[in-house]
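*Asks:* Give me coordinates for this.
(chains A, B, C and D)
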There are 2 protein chains.
Amino acid sequence: MDKKPTIKDIALLAGVSKGTVDRVLHNRGKVSQKAFESVNSVLNEIDYEPNLIARNLKNNKIYYIIVVLPDPAFDPYWVPSINGIQEAIKESKAFNLSIKIHYFNPDSTESFINVTESVLTLAPDGILLAPLFYKEAVTAMQKFLDQGICVSTFNNQILFQDNINFVGQDLQQSGRVAAKLLDVLQSKGEFAIVHVNEKYENSVFMQEKEKGFKNYFSEKEFNDSLISTIQLQDSNIEMKFNAFINQNPKLNGVFVTTSKAYQIANIIIDANRLDISIVGYDLISENINYLNQGVINFLIHQNPKRQAYLGVMHLIEHFVFGKKIPAISLLPIDIINTENARFYLD
Amino acid sequence: MDKKPTIKDIALLAGVSKGTVDRVLHNRGKVSQKAFESVNSVLNEIDYEPNLIARNLKNNKIYYIIVVLPDPAFDPYWVPSINGIQEAIKESKAFNLSIKIHYFNPDSTESFINVTESVLTLAPDGILLAPLFYKEAVTAMQKFLDQGICVSTFNNQILFQDNINFVGQDLQQSGRVAAKLLDVLQSKGEFAIVHVNEKYENSVFMQEKEKGFKNYFSEKEFNDSLISTIQLQDSNIEMKFNAFINQNPKLNGVFVTTSKAYQIANIIIDANRLDISIVGYDLISENINYLNQGVINFLIHQNPKRQAYLGVMHLIEHFVFGKKIPAISLLPIDIINTENARFYLD
DNA sequence: TTGAAAGCGCTAACAC
DNA sequence: GTGTTAGCGCTTTCAA
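*Replies:* So this is what the prediction gives:
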């Protein structure tokens, strides 16, 4: 036989009807011992794979999926995420799906709460969430789960319950990647970890990166690096960081844990301290500019597009094909320099 | 309306039958002016997307796809490619597809010719080919095309005809990536480009990498690097490269254009010249070992798994859904160090 | 407990 | 030219 076996074939071989085969396959019961055995013996002989597509044909339920993420107007980092979602939508337009995006203001926990609350009232089948604020996200997710809504997360992991899926990066490891890069750039290092705009008080992800960065050096043989940590806000960034580099004339490496490496680059240029290497995050255009100018040495790509794409895709495949969503999908930590950047750009 | 419109809906709205709608949608002719206009006006009102899956349900033709690539027994580089193909097979088992892999010996053009000839006699619907040998690949591809077989290529690009699709990397650019990496590792550089086992006389891909590498430095401001090129064979590698580093005491960077960086690393360790940085290709275990030991500084990942995966997937989607195969899919040039390697491993 | 039949969206064969 | 019909693989309903 050249074609894949179908329930029709099985029914024929087992001497029962398609309906009975279906009942056996799905353990729906109401099958006589004899029929059950006869079907099973056929199933053991051949290797049957149900045609997921035909199964879905019948299913004319519309699945509602809502994606909740920061408004890119506040932070361009999220633009690729939206493209990823749109790509997923395009690829699965053959199915009966309604996928909508809801934005919140990444600077406001209130906005996050409002948006999640209003999404809750829409009672979708599934939600993909960028859980920026730890406490608020836990509260929201609990409510979603109580309503029987399937929740997936991306961007940053919330350790909360086993049944929450996550797509993103290992943040601690990405701190180690940054450390290794600065380590090869500056054999003898005096480094600073810079957190810019850590206004999300609940967030832990910058701390994770910091931890990985420090671990790398503390585990290193013959380690003689000096590492300091500095917190900056939009309002004081120039003044405070300028003061810092003046006080640390031997500083030769900076690890910026957010997308704001370009702001640091700016200050370093003005201070004429181009001897300082910078490793930062994210391929936003300001960063790419300074990367090309050689002020930023490496960027780490968090692949927000693929994160969002995979996040929705998992939900879609779960609803449409009944696939299990992987508990955790860790994306690679991409290292970017001037020469390979363009391949990662949207 | 909450559901996507179907031809049935269109037929209803246009006051014709499903058959007529189908004829209009596919320009099959035999439609009266009136019916044509009526259907088209409906189509303009709503946005109809055919359900590709339902379309395919009907199609019970089996598509035969053959993948032709080097036997991994000769070169472990190809192991991930095979996994990529297997993954594609697994994901599309719902369709009537027969996908088989045929191996050739990457050290023998004869073997390549034999395998492509025998594949030709099997008259598959599509072929995915790793065209290692330029001349022989052109000959084979011409024959495939003459027989109406759909040909896609991966790994290395053969500039031959417009209708040949390619999945892989921009090799010249990957040479530039390597150059940039050595450039930051050694501010003042005396570099060697090492081609190991360039026995594929027809192959151009090592030359491409070399070109990119050299271009990077020649375009660089204040360039004072010295670059030499050296060709090695398995038989003479140790002797010849040892002699080379002895003659070049100031050599401080090596770019290995194949997977054989570990062999160079070996020699460099024995010669006690750990001051020399190495950038090479591919995440095979020997290379990863030396990467972790700090002898190899960076590896460039060519993502053979994804190359093969996408190559077959394009063919599958072409046959099953009638999608157009993108002429060229350039994968990112991944930079690998000790800290991010594990995310790229199979 | 079981088989028969209808139907998901689309295509193709066949009458009229 | 055009409508009808059967059928792809599977699920679900209904009658037996």
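*Asks:* contacts and neighbour counts: CA atoms only from here.
*Replies:* OK.
*Asks:* mind showing which ranges of chain A have poor pLDDT?
*Replies:* Low-confidence segments of chain A (pLDDT under 70): A:1-2, A:59-60, A:198-203.
*Asks:* Which neighbouring elements make contact with the longest helix seen in it?
*Replies:* The longest helix of chain A (DSSP state H) is helix A:304-321. Packing partners of helix A:304-321 (3 or more Cα pairs under 8 Å, 6 or more residues apart in numbering or on different chains; DSSP states H and E): helix A:52-58, strand A:63-70, helix A:79-91, strand A:126-129, strand A:150-154, strand A:165-168.
*Asks:* Now do the buried residues in the first one.
*Replies:* Within helix A:52-58, the residues that count as buried by 16 or more other Cα atoms under 10 Å in any protein chain shown are A:53, A:56.
*Asks:* Go ahead and measure how far that helix is from the middle of the chain.
*Replies:* Distance of helix A:52-58 from its chain centroid, counting by Cα atoms, centre = their mean, to the nearest Å, is 29 Å.
*Asks:* which residues does residue A:64 contact?
*Replies:* A:97-99, A:124-126 (Cα atoms under 8 Å, 6 or more residues apart in numbering or on different chains).
*Asks:* near chain B, which residues of the stretch 51-200 of chain A show up?
*Replies:* A:51-54, A:57, A:62, A:93-96, A:173-174, A:176-177, A:180, A:184-185 (Cα under 8 Å from any Cα of the partner chain).
*Asks:* Quick check, central residue of chain A?
*Replies:* Centrality entry for chain A: nearest residue to the mean C-alpha point is residue A:168, 3.1 Å, by Cα atoms, centre = their mean.
*Asks:* Can you pull the phi/psi pair for the nearest residue to residue A:339 once chain neighbours are set aside?
*Replies:* Among residues not flanking residue A:339 along the chain, residue B:177 sits closest, at 5.1 Å (Cα to Cα, 6 or more residues apart in numbering or on different chains). Main-chain dihedrals, residue B:177, degrees, to the nearest 10: phi -60, psi -50.
*Asks:* So whichever residue of chain A sits closest to DNA strand C versus residue A:41, what's the distance?
*Replies:* Minimum separation of chain A from DNA strand C (Cα to the nearest atom of the strand) falls at residue A:31, amounting to 2.9 Å. Using Cα to Cα, to the nearest Å, we find residue A:31 at a distance of 15 Å from residue A:41.
*Asks:* which residues touch the residue nearest to the centre of chain A?
*Replies:* A:154-157, A:302, A:307, A:329-331.
*Asks:* Please repeat the previous calculation with a cut-off of 7 Å.
*Replies:* Contacts for residue A:168 (Cα atoms under 7 Å, 6 or more residues apart in numbering or on different chains) come out as A:154-156, A:307, A:329-331.
*Asks:* Of those, which are in range of DNA strand D?
*Replies:* Applying Cα under 7 Å from any atom of the strand, the subset of these adjacent to DNA strand D is empty.
*Asks:* Of the residues you listed, grab the buried ones for ChimeraX.
*Replies:* The buried residues among those can be selected in ChimeraX (16+ other Cα under 10 Å) with this line:
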select /A:154,155,156,307,329,331
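*Asks:* Quickly name whichever of the contacts of residue A:168 is closest to residue B:5.
*Replies:* Nearest to residue B:5 among the contacts of residue A:168 is residue A:307, at 30.9 Å by Cα to Cα.
*Asks:* Enumerate the residues of the stretch 201-346 of chain A near chain B.
*Replies:* Contacts of the stretch 201-346 of chain A with chain B, taken as Cα under 7 Å from any Cα of the partner chain, map to A:331-335, A:339-340, A:343-344.
*Asks:* out of those residues, who has the most neighbours?
*Replies:* residue A:333 (28 neighbours; other Cα atoms under 10 Å in any protein chain shown).
*Asks:* Can you report phi and psi for that one?
*Replies:* According to degrees, to the nearest 10, residue A:333 has phi -100, psi 100.
*Asks:* And for the one 4 residues further on?
*Replies:* Note on residue A:337: backbone dihedrals following degrees, to the nearest 10 are phi -120, psi -170.
*Asks:* which residues does it contact?
*Replies:* A:291, A:297-299.
*Asks:* Out of these, the closest to chain B would be?
*Replies:* Of all these, chain B sits closest to residue A:297, with 8.6 Å by Cα to the nearest Cα.
*Asks:* residues touching the closest one, list them.
*Replies:* Residue A:297 makes contact with A:277-279, A:291, A:337, according to Cα under 7 Å, 6+ apart.
*Asks:* Residue A:188 now?
*Replies:* For residue A:188, the contact set (Cα under 7 Å, 6+ apart) comprises residue A:225.
*Asks:* between the contacts of residue A:168, which is closest to DNA strand D?
*Replies:* Nearest to DNA strand D among those: residue A:329, at 27.6 Å, using Cα to the nearest atom of the strand.
*Asks:* ranges for the strands of chain A?
*Replies:* Assigned by DSSP state E, the strands in chain A fall at A:63-70, A:97-104, A:126-129, A:150-154, A:165-168, A:190-196, A:226-232, A:253-256, A:277-281, A:298-301, A:328-330, A:334-336.
*Asks:* tell me what the third one is packed against?
*Replies:* Where contact means 3 or more Cα pairs under 7 Å, 6 or more residues apart in numbering or on different chains; DSSP states H and E, strand A:126-129 is packed against strand A:63-70, strand A:150-154, helix A:304-321.
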